[in-house]
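Student: predicted structure and sequence below. I'll ask about it afterward.
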Amino acid sequence: MSVQILQLNLKNKTNVYYFRRKSVNESGYYPVAKRMALTTLMVSLFLLVISIMIWINRKSMKQKKILARIPGPKPYPLIGNALDFKSTADIIKVYIKYMKSYGDIVLASIGTTLKLLISDHEVLEALLTSTTNIEKLSDYYYLENWLGQGLITSKPTRWRKHRKILTPAFHFQILDKFVTSFERPTTIFIKKLRKYKDNKSLDIYPPMDLCTLDIVCDTVMGTTIDAQENENSDYVSAVKTMGRIICERVTSPMKQVDFLFRLTKDYQKQKAALKTLHDHTDFVIQQRRNEIFRMQQKSNNIESKSSGKSKMNFLDMILHLEVDGEPLSDEVIREEVDTIMLAGHDTTASAMSFTLYCLANHPEVQKRAVEEQIQLFGNQKNPEIQHKDLQNMTYLQMVIKESLRLYPTVPSFGRILTENFQVGGQVYPKGVDCFINVFGIHRNPKYFKDPETFNPMRFADDNTQFRFAYIPFSAGPRNCIGQRFAMLEMKYVVSSVLRHFILEPATPKEEPILCHDIVLKSKNGIKISIRERNSNLEVPSSF
Ligand code: HEM
C-alpha cells in the first residue's frame with residue numbers, strides 16, 4: 001500500500017505530530033510513532049531478506065567452488081540461467097544445447113540455486129544406485145496438493161517404509177491377474193479408433209490418454225469411470241486441469257509463489273479439481289471397505305474372490321497393508337492410490353502414442369511386429385490374451401524400448417543431494433539440485449550408435465555395458481515401481497492396435513514438436529493415420 005504524505009499538521013493539545021494520509025483511516029491522520037514503527041518493520045524485513053539472500057549466496061558460492069571444474073552457461077546476476085527455461089517447450093532444446101556445448105555434466109543456475117544437468121552414465125550410476133541420495137527436488141512440491149506424500153513425492157523416511165510394503169503389489173505373479181482388466185478398455189479404444197480410419201491425420205494422444213485412464217481406474221481402484229465414453233466427465237476434466245496447472249507452476253515463477261498463485265483463477269480451478277479427485281478416491285475407498293466388510297461377514301475372503309482369472313486391483317491390496325503394525329489411514333491410502341493413478345496413466349499414454357508414431361513411420365518394423373502377432377495368434381484379431389502371450393511378444397518389446405529411448409516418457413527427473421558424493425575425483429556437494437537428462441543420454445552417440453535412428457534391433461543383445469545410459473524408468477532403489485505393469489499394458493494395447501489397423505504416417509507428414517510437460521508430449525499432437533486391416537491379419541507390404 002503506498003503511503004502518501006500530504007500534509008504535516010500540528011493537531012492536538014498534546015503536541016503529537018500527525019501525518020495526513022489519503023483514504024486510510026477515518027480521521028485521515030497517522031501518529032508519527034506508528035509511522036516510525038511501520039518504517040522500522042519494513043527496514044527489518046528488507047534486511048532479513050538481504051541476509052537470507054547473502055546466506056543462500058554464500059552457500060551456493062561454496063558449492064560453486066567445489067564444482068568449479070564443471071562447465072556451463074554464464075549466469076546472469078540474480079536470475080542465473082532462468083531465461084533459458086521460460087516454457088516447457090524450451091526445456092528439451094535447452095538440455096540438448098547444453099549437452100552439445102558443455103558436455104555430459106553441466107552446471108547452470110536458476111536464481112542462486114545451482115543445478116547440475118547430468119547425462120554421464122558413470123555419474124548416473126553413482127547417483128541412482130545411492131541409497132541415501134533419494135530425495136526429490138522441490139519442483140515435485142506442486143504435485144503434493146494432489147498426491148500428498150504418496151510414493152513419488154514422499155520424503156525418504158516415509159518412502160522407505162511405503163516402497164517396501166507396496167513392492168509386492170507389483171510382483172510378477174500379481175501382475176498376471178491384471179491382464180484381464182486390460183480387455184474392456186482396449187476393446188472400446190479399438191472401437192473408438194474406427195471412427196478415424198478414413199482420416200488422413202489423427203492425433204493419437206487424446207484417445208490413447210482416455211484409454212489408459214480407463215485401464216488405470218480399473219486396475220488401481222477396481223472401478224470403471226468410462227473415460228472413453230464420457231470424456232467430459234468431472235473426473236476426466238479434473239485430471240486434465242491438474243495436469244495443466246502442475247506443469248504451468250513448474251515453469252511460471254509467478255505461479256510458483258503460493259501467495260501469488262492463490263490470487264489466480266487457476267487456484268480456484270485447482271481447488272475444484274482436487275475436490276472432485278479426492279472425493280472420488282475417498283468414495284471408492286469407503287465403498288470398497290464396506291464391500292470387504294460385507295464379504296467378511298459372509299466369511300468370504302478376498303483371496304478366494306480374486307483367485308483364478310477374476311479381476312484384481314491395487315486398492316484391495318493396499319487396504320490390507322500395515323506400517324509399523326498399524327493399518328494405513330484412509331488419507332494415506334488415498335495418497336498412494338492417487339499417486340499410482342497419476343503415475344500410471346499419462347506415462348503409458350505418451351509412451352504408446354510415440355510407439356504407434358514410430359511404427360507408422362517405419363513400415364519394415366511394423367511388418368515384423370505384425371508377423372510376430374501372426375506367429376502367436378494366427379489370423380485372430382481378438383484372441384484371448386494371456387500373460388504368457390505378452391511375455392512372448394519379444395520383438396514388440398524391443399520396439400517399445402526403442403520408442404522409449406527416442407521419446408522417453410519422463411525426459412528428465414530430479415534429486416536434491418542430501419549427501420556429498422564423489423565420482424572420478426569430482427565431489428558433488430550436498431544441497432545441489434541434480435537433473436537427470438534422460439532425453440540427452442538416450443541420444444548420446446557415446447552410448448548409442450546412430451542415436452537418431454529408430455532401430456529396435458539395438459535391444460536384441462542384452463547390452464549391459466552402459467546400463468545407466470538407458471533409463472526410461474529411472475534406475476536404482478527409487479526407480480519406477482510400475483515398469484513391469486507398464487510393459488504388459490503397452491504390449492497389450494499396441495499389439496491390439498496392430499492386429500486391427502495398418503498404421504501410416506499422417507498426410508501431410510508431421511514431426512512431433514516435443515515438449516516437457518509432466519511427461520513427454522508434442523505441441524502439435526502425435527499424428528498418424530490408420531487403415532482397417534482385412535478380416536485376415538495380412539502383413540503390410542509397403543506403404
Ligand atoms: C511407460 C510408462 C512409464 C514410465 C516411462 C515411467 C517412468 C518412471 C520414472 C522415470 C520414475 C522415476 C521418477 C522420479 O524419480 O522422479 C517413475 C516412478 C514411479 N512410477 Fe513410473 N513410469 C511408467 C509407468 C508407470 C505405471 C504404469 C505405474 C503404476 C501402475 C507407475 C508408477 C510409478 C510410481 C509409483 C513411481 C514412484 C516410485 C518411487 O519413488 O518409489 N509408473 N516412473
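Tutor: Yep, that arrived.

Student: what does this structure put close to the ligand?
Tutor: Within the chain, the positions lying close to the ligand (C-beta under 6 Å from any ligand atom) are 136, 151-152, 163, 339-340, 343-344, 347-348, 351, 409-410, 413, 472-474, 478, 480-482, 485-486. The C-beta positions use only the backbone N, C-alpha and C, and glycine is treated the same way.

Student: low-confidence ranges, the stretch 251-400 of the chain, go.
Tutor: 299-311 (pLDDT under 70).

Student: apply 50 and report the result again.
Tutor: 304-309 (pLDDT under 50).

Student: which parts of it are strands?
Tutor: Ranges of strands in the stretch 251-400 of the chain, per DSSP state E, counting those that start in this stretch, are 322-323, 326-327.

Student: redo those as CSV? Include mean neighbour count and distance to Phe501.
Tutor: Shown next, in CSV, are the strands of the stretch 251-400 of the chain (neighbours: other C-beta atoms under 10 Å; distance: least, C-beta to C-beta, whole Å):
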stretch, mean neighbour count, distance to Phe501
strand 322-323, 12, 46
strand 326-327, 10, 47
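
Student: wait, which of those is closest to Asp279?
Tutor: strand 326-327 (22.0 Å; C-beta to C-beta).

Student: what's that closest one in contact with?
Tutor: Applying C-beta atoms under 8 Å, 6 or more residues apart in numbering, the external contacts of strand 326-327 come out as Leu321.

Student: what pairs with it, parallel or antiparallel?
Tutor: strand 322-323 (antiparallel) (DSSP bridges).

Student: flag every buried residue along stretch 119-129.
Tutor: Buried positions in stretch 119-129, judged by neighbour count with 16 or more other C-beta atoms under 10 Å: Ser119, Asp120, His121, Val123, Leu124, Glu125, Ala126, Leu127, Leu128.

Student: let me know the closest of these to Lys527.
Tutor: Looking across the buried residues of stretch 119-129 and measuring by C-beta to C-beta, the closest to Lys527 is Ser119, at 28.7 Å.

Student: the closest one contacts Gly440, correct?
Tutor: Yes - Ser119 is in contact with Gly440 according to C-beta atoms under 8 Å; the separation is 4.0 Å.

Student: what do the two both touch?
Tutor: Joint contacts of Ser119 and Gly440 (C-beta under 8 Å, 6+ apart) are Met99, Asp104.

Student: reformat the strands of the stretch 251-400 of the chain as CSV; add distance to Val94.
Tutor: Shown next, in CSV, are the strands of the stretch 251-400 of the chain (distance: least, C-beta to C-beta, whole Å):
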stretch, distance to Val94
strand 322-323, 41
strand 326-327, 46
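
Student: tell me which of the residues of the chain next to the ligand fall in helices.
Tutor: Arg163, Thr339, Ile340, Ala343, Thr347, Thr348, Ala351, Phe485, Ala486 (DSSP state H).

Student: the last one and Asp450: what is the separation?
Tutor: Pointing back at Ala486 there. With distances taken as C-beta to C-beta, to the nearest Å, Ala486 is found 27 Å from Asp450.

Student: looking at those two, which is more packed in?
Tutor: Ala486 (22 against 9; other C-beta atoms under 10 Å).

Student: what's the burial count for the nearest residue in space to the more buried one that is not next to it in sequence?
Tutor: In space, and not counting its chain neighbours, Ala486 is closest to Thr348: 5.4 Å by C-beta to C-beta, 6 or more residues apart in numbering. Other residues lying near Thr348 total 26 when counted by other C-beta under 10 Å.

Student: Thr348: what's it in contact with?
Tutor: Thr212, Ile215, Val216, Thr409, Ala486, Glu489, Met490, Val493.

Student: ok, so of those residues, who is nearest Ala37?
Tutor: So of the contacts of Thr348, ranked by how close each gets to Ala37 (C-beta to C-beta), first place is Thr409, at 55.7 Å.

Student: need phi/psi at that closest one.
Tutor: phi -60, psi -40 (degrees, to the nearest 10).

Student: from the contacts of Thr348, which land in helices?
Tutor: Thr212, Ile215, Val216, Ala486, Glu489, Met490, Val493.

Student: export those residues as CSV, with columns for pLDDT.
Tutor: Output for the ones in helices among the contacts of Thr348, formatted as CSV (pLDDT from 0 to 100):
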residue, pLDDT
Thr212, 96
Ile215, 95
Val216, 93
Ala486, 97
Glu489, 97
Met490, 98
Val493, 98
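
Student: any of those residues buried? List them.
Tutor: When the ones in helices among the contacts of Thr348 are checked against 16+ other C-beta under 10 Å, the ones flagged as buried are Thr212, Ile215, Val216, Ala486, Glu489, Met490, Val493.

Student: tabulate those (CSV), appending distance to Ile436.
Tutor: Compiled in CSV, those are given as follows (distance: C-beta to C-beta, whole Å):
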residue, distance to Ile436
Thr212, 24
Ile215, 27
Val216, 25
Ala486, 19
Glu489, 24
Met490, 22
Val493, 27
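
Student: where does the prediction get shaky in the chain?
Tutor: 1-24, 304-309, 542-543.

Student: quick check, the residue in it closest to the ligand?
Tutor: Closest to the ligand within the chain is Gly482: 2.3 Å, counting by C-beta to the nearest ligand atom.

Student: neighbours around the residue nearest to that residue when sequence neighbours are not counted, how many?
Tutor: With sequence-adjacent residues excluded and distances taken as C-beta to C-beta, 6+ apart, Gly482 is closest to Gly344, at 5.6 Å. Gly344: 24 surrounding residues under other C-beta under 10 Å.

Student: CA atoms of stretch 376-396 as PDB?
Tutor: Only the C-alpha atoms of stretch 376-396 are listed here, as PDB (Å, rounded to 0.1, in the frame of the first residue of the first chain):
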ATOM      1  CA  LEU A 376       1.400 -66.000 -31.800                       C
ATOM      2  CA  PHE A 377      -2.300 -65.900 -32.800                       C
ATOM      3  CA  GLY A 378      -2.600 -66.900 -36.400                       C
ATOM      4  CA  ASN A 379      -5.300 -64.700 -38.100                       C
ATOM      5  CA  GLN A 380      -7.200 -64.000 -34.900                       C
ATOM      6  CA  LYS A 381      -7.800 -60.300 -34.400                       C
ATOM      7  CA  ASN A 382      -9.300 -60.700 -31.000                       C
ATOM      8  CA  PRO A 383      -7.500 -63.600 -29.300                       C
ATOM      9  CA  GLU A 384      -7.900 -64.200 -25.600                       C
ATOM     10  CA  ILE A 385      -4.600 -62.700 -24.500                       C
ATOM     11  CA  GLN A 386      -2.800 -64.400 -21.600                       C
ATOM     12  CA  HIS A 387       0.200 -63.000 -19.500                       C
ATOM     13  CA  LYS A 388       2.500 -65.600 -21.200                       C
ATOM     14  CA  ASP A 389       1.500 -64.300 -24.700                       C
ATOM     15  CA  LEU A 390       2.600 -60.800 -23.700                       C
ATOM     16  CA  GLN A 391       5.900 -62.200 -22.500                       C
ATOM     17  CA  ASN A 392       6.300 -63.900 -25.900                       C
ATOM     18  CA  MET A 393       6.000 -60.500 -27.800                       C
ATOM     19  CA  THR A 394       9.700 -60.100 -27.700                       C
ATOM     20  CA  TYR A 395      10.000 -58.100 -30.900                       C
ATOM     21  CA  LEU A 396       7.200 -55.700 -29.900                       C
END
